[in-house]
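Chemist: Sequence first, then the predicted structure, then my questions.
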Amino acid sequence: MEKQQQTVPRWEAGSYDIAVIGGGHAGCEAALASARLGCSTILFAINLDSIANMPCNPNIGGTAKGHLVREVDALGGEMGKVADRTLIQSRMLNSGKGPAVHSLRAQIDRRAYGREMKHVLETQPNLHVRQGEVTDILFEKDGSVCGVVLQTGAVFRCCAAIIASGTYLKGKIIIGELQYSGGPDGMFPADSLSVCLRNAGIELMRFKTGTPARVRRSSVDFSVMTPQAGDEEIVPFSFEDKQPLENKVLCYLTHTNPETHDIIRRNLDRSPLYAGMIEGIGPRYCPSIEDKVVRFADKQQHQVFMEPMGLATEEIYVQGMSSSLPEEVQIEMMRSMKGLEQVEIMRPAYAIEYDCCNPLQLQPTLEFKHNEGLYGAGQFNGTSGYEEAAAQGLIAGINAARKLQGKEPIVLKRSDAYIGTLIDDLVNKGTREPYRMMTSRSEYRLLLRQDNADERLTPLGYEIGLISEQRYQMFLDKWEQIRKEVQRLKKTTLAPSETVNAYLTEKNSTPISTGIKLADLLRRPELDYADLTRMTDMPPLPKEVWEEAAIQVKYEGYISRQVSQVAQFQKMENKKLPTDIDYTTLKGLRLEARQKLQEVRPLNVGQASRISGVSPADVTALLIYLEQEKGRE
């Protein structure tokens, strides 16, 4: 039976520059950015206790996602700082590979994280935090935003609104045959706002995500599982954090087995995913356990990680077992696994469907093309993950504030940051499934490393006004030390000696007969900076300084090559396209290209070239058009 809509009288409740709809990771960063830039801001959350909630996995970072967190921090965002204060275990992923794919991942005390972030919001000047469901957005006749309305009838006037609704929009929970309206973690859904957005002409899509069960710690036999410890030396997410961090918990590894897979196969007819009961499209790169068993039928086992949800709870997150199977099937399949024979579920796994927008409707600033002052951020824009959400929230908050202040917007290029790649992909290519950031999505990943996110973005954060003078001076000092150490390594010669050659032989490296520059030694694949300290006296530098200097020297050739590629890329980005082009009449374009270009309306030729359906021949036609226009002028 559908919930009946009640007519509630509206009343004027206040006026703000910017309203942020949603208190998840996107909403938090958006609200903090706009408030810190001087705009009076109000953030709405259906339940204030859900602010910065982690309804899925209790961790932040991971492959490519760790890059995003460090970029958010480098620009002046908050996620990295709060993650550092509340982490309970930290690991650097892919440390055995090159620096381009090194990624931080931390287990987080999820309740502590939410409390910390909520308090940051509550104590932020210019920011008001309000519990309430936004059911309507008010628009002027020209489509621009002028206010938001709560379920209680309270009307808050504003000049800009940022939708960061996460998975709440018309949220539907699915567990086996059971379906009901609901938001994540037992919260209420936001059922009314979708109607308002559709009435405003905004195209919505239906996506789906899921989460594993949480189980009781005392019902798990960890003694038969493989312990997974954190790193001995923890690298913080925030470049500003200098205090040593510590691991406080162990995670554990177990596996599914043929019996587990048989149980899943026998119950596929009860899986909403395979019974056609799920309408939304799920994330390809984060499949449910039933999807993994079907798609990878030849595999005898899949990894399952047991991850603590925090220090003050007995809940354990069963990473790798996302499912929408009935609860009794979830229990049966988990009890077939080593160490989980007596497991007790505290929260069953579930799938959730929700509404989100087609991001092709957005400008690179994350403002809607046809609704001035309306911005989208996070899962509302078709992405998945806390980190992708925070990145978009930060950019939306910055641009909403700068628009109201009459300043130029901030648009990060693909060569600037993973954040730039993320937004560029969304607004040019769109997405038909929840978008997840991966290192493979960037053409410039050797330049966009997590270790140099501050070099790339902190000057911009300082210019915008989100980085303090003190932090900026610390940044300048660090990079001056790096520059000097790089030059020292290139200029300093190491003379041959018995000690030096004995060490090189031990490292399976060719002994030297004449003097050699330290930089040339460092470029040898089998040697690193620590090896140099064993062969000669080295200056006592902070680890972040000598590590960065070593990367710059060791990968100098590859980095130079990518810098040249960026220069070529920039030429296309600098070829601006007029905003009033009627692509439907442009000669030389194929029909599909005309339609796509008319829909996306790219700002430059580089952006046009990345639109799905625009071929190199179409790009050539655009370049010819620009030359002809230049001739006419």
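Modeler: Yes, it's here.
Chemist: Just the CA atoms of stretch 623-633, as CSV, please.
Modeler: Extracted C-alpha coordinates of stretch 623-633, given in CSV (Å, rounded to 0.1, in the frame of the first residue of the first chain):
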residue,chain,number,x,y,z
LEU,A,623,38.8,21.9,-35.8
ILE,A,624,37.9,22.9,-39.4
TYR,A,625,34.9,24.8,-38.2
LEU,A,626,37.0,26.7,-35.6
GLU,A,627,39.5,27.6,-38.3
GLN,A,628,36.7,28.9,-40.6
GLU,A,629,35.3,31.0,-37.7
LYS,A,630,38.7,32.4,-37.0
GLY,A,631,39.1,33.3,-40.7
ARG,A,632,35.7,35.1,-40.7
GLU,A,633,36.7,37.1,-37.6
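Chemist: how far out from the middle of the chain is that stretch?
Modeler: A distance of 40 Å separates the C-alpha centroid of stretch 623-633 from that of its chain, computed with CA atoms, centre = their mean, to the nearest Å.
Chemist: So Met437: helix, strand or coil?
Modeler: Assigned state for Met437: coil (three-state reduction, DSSP: H, G, I helix; E, B strand; the rest coil).
Chemist: Now do the residue nearest to it when sequence neighbours are not counted, the pLDDT please.
Modeler: With CB to CB, 6 or more residues apart in numbering as the criterion, Met437 has its nearest non-adjacent residue at 4.5 Å, and that residue is Ala64. Yep, even glycine has a C-beta here, placed from its N, CA and C like the rest. You'll see Ala64 listed with a pLDDT of 95.
Chemist: count of neighbours near Ala64?
Modeler: Using other CB atoms under 10 Å as the criterion, Ala64 is surrounded by 26 other residues.
Chemist: check contacts around it.
Modeler: Residues counted as contacts of Ala64 (CB atoms under 8 Å, 6 or more residues apart in numbering) are Ser103, Tyr418, Met437, Met438, Thr439, Arg441.
Chemist: so which of the residues you listed is the most crowded?
Modeler: The most crowded member of these is Tyr418, carrying 31 neighbours; neighbours defined as other CB under 10 Å.
Chemist: Quick check, that one in contact with Val69.
Modeler: No. In this structure, Tyr418 is not within contact of Val69 by CB atoms under 8 Å, at 10.0 Å.
Chemist: elements contacting the helix or strand bottoming out on mean pLDDT in the chain?
Modeler: Between all helices and strands in the chain, the lowest mean by mean pLDDT, DSSP states H and E belongs to helix 616-632, at a mean of 86. Counting contacts by 3 or more CB pairs under 8 Å, 6 or more residues apart in numbering; DSSP states H and E, helix 616-632 packs against helix 605-609.
Chemist: What residues sit buried inside stretch 499-517?
Modeler: Val500, Asn501, Tyr503, Leu504, Ser509, Ile512, Ile516 (16 or more other CB atoms under 10 Å).
Chemist: closest to Leu448 among those?
Modeler: For the buried residues of stretch 499-517, the closest approach to Leu448 (CB to CB) belongs to Ser509, at 30.5 Å.
Chemist: For that closest one, I want the exact helix or strand it lies within.
Modeler: In this structure, Ser509 is located outside every helix and strand according to DSSP states H and E.
Chemist: how close does it get to Leu527?
Modeler: When CB to CB, to the nearest Å is the yardstick, Ser509 and Leu527 sit 6 Å from each other.
Chemist: Gly515 now?
Modeler: Counting by CB to CB, the gap from Gly515 to Leu527 is 16 Å.
Chemist: Below-threshold pLDDT in the chain: ranges please.
Modeler: Using pLDDT under 70 as the threshold, the predicted model of the chain has low-confidence ranges 1-6, 275-280, 282-285, 633.
Chemist: Let's check: the centremost residue of it is which one?
Modeler: With the centre of the chain defined as its mean C-alpha position, the nearest residue by CA atoms, centre = their mean is Glu388, 2.1 Å away.
Chemist: I'd guess that one is in a helix, am I close?
Modeler: Yes. Secondary structure of Glu388 (three-state DSSP): part of a helix.
Chemist: What sits closest to it if chain neighbours are left out?
Modeler: Met437 (5.5 Å).
Chemist: neighbours of Leu394, just the number please.
Modeler: By the measure other CB under 10 Å, the count of residues near Leu394 is 32.
Chemist: Centre of the chain to stretch 312-320, how far?
Modeler: 22 Å.
Chemist: buried set for that stretch?
Modeler: Judged by neighbour count (16+ other CB under 10 Å), stretch 312-320 contains these buried residues: Glu314, Glu315, Ile316, Tyr317, Val318, Gln319, Gly320.
Chemist: Pro287 contacts Val294, correct?
Modeler: No. Counting by CB under 8 Å, Pro287 does not reach Val294; the two are 9.1 Å apart.
Chemist: Can you lay out the contacts of Ala64 as TSV showing distance to Leu43?
Modeler: Below are these laid out as TSV (distance: CB to CB, whole Å):
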residue	distance to Leu43
Ser103	29
Tyr418	25
Met437	25
Met438	30
Thr439	32
Arg441	30
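Chemist: ok, these vs Leu48, which is closest?
Modeler: Met437 (28.8 Å).
Chemist: Please name the residues that touch that closest one.
Modeler: Contacts were defined as CB under 8 Å, 6+ apart; by that measure Met437 touches Ala64, Lys65, His67, Leu68, Thr383, Gly385, Glu387, Glu388, Tyr418, Thr421, Leu422.
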